[in-house]
Each structure stands twice: as C-alpha cells, then as structure tokens.
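> here are the coordinates; sequence isn't available:
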C-alpha cells in the first residue's frame, strides 16, 4: 500500500504550509484521541484477561483450598489429634494413661416428645441398654429440656443398636474416655480423671494444664516393669501379714528419679468412683509415719560426718537410759559395749540415742533438714504430706528422733534421704518426671564422700550380719536397714500396732537403686514366729524386688562370693572394734563411764 | 488493505484455534484435578481412620502388655521362670569356663600336627 501524501514528519520544516497544518491538526487531534482511548481500553481488557487467565490457571492447579502439601497434612494431624487429652507414658514410652474416642447418648426431650410416646421410647431404649434405670430415662425424656445425658461412653455396638431403633430425639456426642491399661498398679502415681476428663488426683491433676489444655504427653520416670514388680510384692505381703496397708518406693539414687511408687490399698482408676476413702490415700507421699530404726542411718551418718565418732568408737548399751519419765531400751538387747557398726547392726536404741546426744540437737536438726526430712517433699503430686516433728527440740526429742520416734516423715522422704546417704552425699530432689543426663540437677552436697562410703559399708553389714538378713540377694551386695515403729493409738504407743519398714539399696559397691517397703500394722504369722518387725515383713519385699529387678536391668552380680567380703581390702570392709572408747553425756552427768 | 485484513483474519482464526485447544486442555485438566482431589479426600479420610485405629490399637497393646497378664499366661503355657540373679554373667565369666589344653607338635620335627 502506497501513501499518496507524505506523512507530516517527512515534510521538511521549510515546506510546511501553515494553512494546511491547521486544517490537518484538527483531524489529527480527533484521530489521536480515538487511538489513545482505544489503546487504554485495549490494555485494560488485556489486563483483565491476564488476571482472569491467571485465576483460571490457579484454580485448575490448586482447587479452591490450594494444593495439599505434606506440611499441611502433618499439621492437620497435629492440630486434629484423635483425642484432646495427652497420654501419660512411662520412661520407656509405654502408655500408662490414654484417652479413647467414644460416643455418649443424650436426649433432646422436645424432639422426643414430638416424636411420640415417651413410654414407648424409653422401653425401646431399655431393650438395647438394659442397664439404664427406667424411671430415670422417663424423667429425662419427659423433662422438656433440650439436652440431657442418658448414657456416657457407649461402645460402637451400642451406638449402632440405639441408632437402629430410629427413635427421634436421641443423639450422640463425641467424647473421650480415659483408659488406664495397667489398672490399679499405677493408681496413686497417675491418679484419675472425672467423667468430664479433668484430672482429680495424682499426675493427672498436677499436669492438668499440659495434658488437658495443651494435649501434651507426659513422660514419667516410672518404669512400668519395676512398678508392676513392686506392686505385686507389696500386695502379696499385705495379704500374707493381713496388714492395713503398705507403701513402696524404688528410686534411682544418682538422678533422684522415682522408678516405682506404690501405695496400698489402691483402686482401679478405670472404674469411675465416688469417694475412694482409705484406698484413695497415697501412703507413699501423703502419709507420714514414725519410721523407727531406719532413722538410725541418718544419726550414724551425721555422727560420722561431723567427726563426733569414728567407725571404731562405740557406746555402752548395757543398761536402759532413764530420762525424765522415759526409758529407752533395746529391742535386740546385747547388754554390753557396742561399737558404732554394732549399734547399727543390732539396731541399738541406747547406743544411737547416746550418739545423737553427742552430735547435739542443733546439728541433728541441721542435718535432718539437709536430708529433706523437715519439709514437705517437692514432688509432682498434689498429695504430699508435711512431716511432723516437735516444735521444742530438747534432749529427749534428740534421743527419740535419733531412732525414728517423735518424728514422722513420708516414705518418699525417707527414700530420698537414704539416697543422699549412699550416692556420695548429694541430695537429689526426687521427681516423677523422666530425667536425661542433661536434665539431672546438680543436687546439694550434704555429706562428705567419705561418710557416704562408710554408710554403704555399714548398710551392707546390717544385711550381712544384722537385722536385715532377709533382704540379702546373693551377688547384688544389698545393704539396708530395718525399721519397726509402734504406732501411736490415742496418744500412747501400741505394742501391737507396728509400722514395719525396710530401706535397702544395691549394689552397695556402687549404689544404683534404693528400694523402700513400709507395711502398716502387719500381724505376725507362724512362719515368722509371730514377729511382725521390719526384718521379717518388709525386708523380704525388698529382696523380692531386687531379685527380679536386677536381672531386668542386666546388673551383673558380684561373683566373688560371701567370703570375699570378709577380706580387709574389700571396699565394703568395716573395721571391727572391741574396746570401750567413748561414753555419752546424758542429762549433764556422765553415765556408764567405766565399762 | 487486502493483505492486512487477510493477515488479521488468519490471526483471528489462529487465536480461535488456540483458545479452543487450550479450553480442551483446561477441560481435561480440570476433570483430572477433580478426580485427584476426590482421591485425596478419600485418602486423607482413610488416613484419619487409620490414625484413629492406631490410637486405639496402642491402648489395646498396652492392655495386652500388662505384666500381670503376661505373667499369668506364661505360668499357664510356658515352662519358664524369671531369671535369677546368678544367671546374669559378664564377659569375665568366660574366664571361669575350663579350657581344654591342646599342644601343637612341630611337624618339621616329625611329630603329628594336632587336629
């Protein structure tokens, strides 16, 4: 196509005709305007199409919710868990408490009344759920309310049966039901929840916020296997000696973790209960008891640690101590001078009382405080008992407390205190939560390492040749101390009502675990010659636990045999002393100065 | 003028064809995506069911794993007992196993090699 006139720009400036320019300019202006409008409209349409096209591609690719990504899927799994409440697990990850989704039946009585005869509806419902109360159901169906629970936590079969009735006004709502697979074994540690899934006692209550609101899982320090062993041994013993109750604690002496904790009588947390009464009482943490002779361990430790006595020293225990209106006597009386190891081995009250007097009330109080025996145990349970001890701590208190009378502590406190005696002298705060090497606290140094070593040897000696023979497990070098305390009944000590205990630890060359058993009011039987003391009742429990727990943990028994321990170079050798070297001041004047 | 309009017509036809082609592709892709999405919904539903089942099975496993139950079953069906401590031995227990002494004769000396 050839133009018949050159374009304006092609005309040299000199040749421009002013008349023509004016004429063409008007035309051009109109044309330019038209073009610009067309261009703008065109661009706008093009943009609109680009946007539409983009959206089209987007929709085609991703659908209306966007493409599912792995991250989104994982997040939805986390954000929509099967159940709301978190699990409670043991140290190996076994589920100790979990929630299961269930359906609960409710009645909307307006719908139900609209639907027909309430009597007929109730009869139909009772035909599939025969355990419901007829009057109760009728009352709720006729009640006129829009929402009333009829039956909680039904099985899928029951849900199907109710649905197939086709009665109007009945509906289901999704709920959770708390399940405790191991039943009563963990009753007092984990506690239980009410029908609405709120923690009522135990760990369930302590960690209500983390379990319930945040849905987190809690990892306990408990070992399900050891817990089961301890529970079984205690149940057996409670039945055998017809005891009122029993408590047991297994603790890792180096980390302060509670490996097992049992209180009897117990309950089945799976069965919703109203008032639990006696069986809801946690004897291991809430109950405080006068522990008796197991306290002699603390007295001996403080006497050795302060330098008041050496292992070769001793006290005269030939005659009872008479002070004010009290008489302190020995149960296993030897009626002679006893060295410090002998005082512990024969569990001499007289010797221990004299030793405590030498240590003094102030130091005694200071040491007991360090062992955590004068304040409530700091453990992750709502049920924690405060120890009982005299406000006025005179000489008499010093003497009775030295052998565990006049002071009441919980079994857990005793186990934690004994751990500190033998782990090198470090008081570890007890816990129910799993600790790793990184989260083990440093603990508080309460004893010299040397004192701790001496205590290991002494505890071993008690089991080898003293009152704790029934706790010995060949090869595991068990050490321990028996305790038998009379219970106070109406302000007086009752010779028939005993608290028999044994605190053991193993292996004494390098202690790993403390095992404590406390039995409340055991009755002597023929096999124990009528005795119901710690050595006869509680020591076999500790033996049973160690015997089964050691191989479980793959602990190697010491193969050197019993004779090896008599050698003076054995790490647990205790020097023998025969001569009178020390006497005690009682009531200001020296007693038994010459012997 | 004719060349330009011819070119324009061709372009229009070309674009129409292109648009038609793309709509076809779009159509098929849309249905493909639709199918994939329903598959996805079904799979995530199944996944949800499996997760629920897994949760319940975990609880069931724990119930079946109750040491008391296993102990009762073992007592009834197995001829086994708990490991006593003396059965746990370390590597140095090997040293206490008696060793049979074997002497090697030197074949060069005319003796017989130990078998």
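Now that the structure is in, tell me what you want to look at. Just so it is clear, the structure is predicted and the values come from calculations on it, not from any experiment.

> tally of neighbours for residue 54?
Defaulting to chain A. Using other Cβ atoms under 10 Å in any protein chain shown, residue A:54 is surrounded by 10 other residues. (Each C-beta comes from the backbone N, C-alpha and C, glycine too.)

> chain B was what I was after
Neighbourhood size, residue B:54 [other Cβ under 10 Å]: 11.

> so how far is residue B:27 from it?
40 Å (Cβ to Cβ, to the nearest Å).

> tell me the secondary structure for residue B:8?
What DSSP: H, G, I helix; E, B strand; the rest coil gives for residue B:8 is helix.

> residue contacts, it?
Counting by Cβ atoms under 8 Å, 6 or more residues apart in numbering or on different chains, residue B:8 touches no other residue.

> for residue A:507, grab phi and psi.
Dihedral pair for residue A:507: phi -80, psi 140, per degrees, to the nearest 10.

> what's the closest non-adjacent residue to it?
Spatially, and ignoring its direct neighbours in sequence, residue A:507 is nearest to residue A:477 (4.3 Å; Cβ to Cβ, 6 or more residues apart in numbering or on different chains).

> secondary structure element holding the one you found?
Using DSSP states H and E, residue A:477 sits within no helix or strand.

> now for it, how many residues are close by?
Residue A:477: 26 neighbours (other Cβ under 10 Å).

> what sits against it?
Contact analysis of residue A:477 by Cβ under 8 Å, 6+ apart lists A:460, A:506, A:507, A:508, A:509, A:558, A:565, A:572.

> give me the subset of these that lies in helices.
The helices, defined by DSSP state H, take in residue A:460 from those.

> with distance to residue A:161 and pLDDT added, can I get the contacts of residue A:477 in JSON lines?
Listed next are these as JSON lines, based on distance: Cβ to Cβ, whole Å; pLDDT from 0 to 100:
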{"residue": "A:460", "distance to residue A:161": "64", "pLDDT": "92"}
{"residue": "A:506", "distance to residue A:161": "56", "pLDDT": "87"}
{"residue": "A:507", "distance to residue A:161": "59", "pLDDT": "89"}
{"residue": "A:508", "distance to residue A:161": "62", "pLDDT": "89"}
{"residue": "A:509", "distance to residue A:161": "64", "pLDDT": "89"}
{"residue": "A:558", "distance to residue A:161": "63", "pLDDT": "79"}
{"residue": "A:565", "distance to residue A:161": "69", "pLDDT": "77"}
{"residue": "A:572", "distance to residue A:161": "68", "pLDDT": "80"}
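
> need the residues that contact stretch B:64-79.
With Cβ under 8 Å, 6+ apart as the test, stretch B:64-79 has contacts from A:94, A:181, A:182, A:183, A:185, A:224, A:225, A:228, A:229, A:232, B:63, B:80.

> ok, 7 Å please
Stretch B:64-79 has contacts (Cβ atoms under 7 Å, 6 or more residues apart in numbering or on different chains) with A:94, A:181, A:182, A:225, A:228, B:80.

> ok, and for stretch A:257-272, which residues are buried?
By 16 or more other Cβ atoms under 10 Å in any protein chain shown, the buried positions in stretch A:257-272 come out as A:257-267, A:269-270.

> then stretch A:89-101?
A:89, A:90, A:91, A:94, A:95, A:96, A:97, A:98, A:99, A:100.

> I'd like to know how many residues surround the closest residue in space to the third one that isn't next to it in sequence.
Meaning residue A:91. Nearest non-adjacent residue to residue A:91, counting by Cβ to Cβ, 6+ apart: residue A:434, 5.0 Å away. By other Cβ under 10 Å, 19 other residues sit near residue A:434.

> pull the number of nearby residues for whatever residue of the stretch 451-595 of chain A ends up closest to chain B.
Distance from chain B to each residue of the stretch 451-595 of chain A (Cβ to the nearest Cβ) is smallest for residue A:551, at 4.1 Å. Around residue A:551 there are 19 other residues, counting by other Cβ under 10 Å.

> if I look at the residue in chain B positioned nearest to chain A, how far off is residue A:183?
In chain B, the residue found nearest to chain A is residue B:62; the distance is 3.6 Å by Cβ to the nearest Cβ. Counting by Cβ to Cβ, the separation of residue B:62 from residue A:183 is 11 Å.

> who's more crowded, these two?
residue B:62 (22 against 18).

> what's the helix or strand for the closest residue to that one other than its chain neighbours?
Computed as Cβ to Cβ, 6+ apart, the closest residue to residue B:62 that is not its neighbour in sequence is residue A:181, at 3.6 Å. Assessed by DSSP H and E, residue A:181 sits outside every helix and strand.

> would you confirm that residue A:181 contacts residue A:95?
Yes - taking contacts as Cβ atoms under 7 Å, residue A:181 lies within contact range of residue A:95: 6.3 Å.

> overlap in contacts, these two.
Contact criterion Cβ under 7 Å, 6+ apart; residues shared by residue A:181 and residue A:95: B:59, B:62.

> please report how far the residue lying closest to residue A:363 once chain neighbours are set aside lies from chain B.
Spatially, and ignoring its direct neighbours in sequence, residue A:363 is nearest to residue A:306 (5.8 Å; Cβ to Cβ, 6+ apart). Per Cβ to the nearest Cβ, to the nearest Å, residue A:306 is found 37 Å from chain B.

> and residue A:306, how many residues sit next to it?
Counted with other Cβ under 10 Å, residue A:306 comes out at 17.

> quick check: phi and psi at it.
Residue A:306 adopts backbone torsions of phi -80, psi -10, taken as degrees, to the nearest 10.

> contact residues of chain B facing chain A?
Residues of chain B found near chain A (Cβ under 7 Å from any Cβ of the partner chain) are B:1, B:26, B:29-30, B:33, B:37, B:40, B:51-52, B:55-56, B:58-59, B:62-63, B:65-68, B:82-83, B:85-90.

> how far does stretch A:429-437 sit from the chain's center?
9 Å (Cα atoms, centre = their mean, to the nearest Å).

> tell me the mean pLDDT over it?
Across stretch A:429-437, the average pLDDT comes to 91.

> same question for stretch A:150-169.
83.

> first-to-last residue distance for that stretch?
Terminal residues of stretch A:150-169 are spaced 12 Å apart (Cα to Cα, to the nearest Å).

> same check on stretch A:214-225?
29 Å.

> in stretch A:520-539, what counts as buried?
Those would be A:520-522, A:524, A:528, A:531-539, for stretch A:520-539 by 16+ other Cβ under 10 Å.

> quick check on residue A:417: phi, psi?
phi -60, psi -40.

> before we move on, what about residue A:502?
phi -150, psi 130.

> can you check residue A:481 too?
Dihedral angles for residue A:481 - degrees, to the nearest 10 - are phi -150, psi 140.

> same thing with residue A:568?
According to degrees, to the nearest 10, residue A:568 has phi -70, psi -20.

> residues contacting it?
Residue A:568 touches nothing, counting by Cβ under 7 Å, 6+ apart.

> ok, it to residue A:465 distance?
Look at residue A:568 and residue A:465: by Cβ to Cβ, they are 16 Å apart.

> just residue A:428 next, same as before
With the distance defined as Cβ to Cβ, residue A:428 ends up 30 Å from residue A:465.

> the two: which is more packed in?
In this view residue A:428 and residue A:465 are compared by other Cβ under 10 Å, and residue A:428 has more residues nearby, 23 against 14.

> could you find the closest non-adjacent residue to the more buried one?
When the adjacent residues along the chain are set aside, residue A:428 lies closest to residue A:256, with 3.1 Å between them (Cβ to Cβ, 6+ apart).

> what pLDDT is listed against the one you found?
For residue A:256, pLDDT reads 92.
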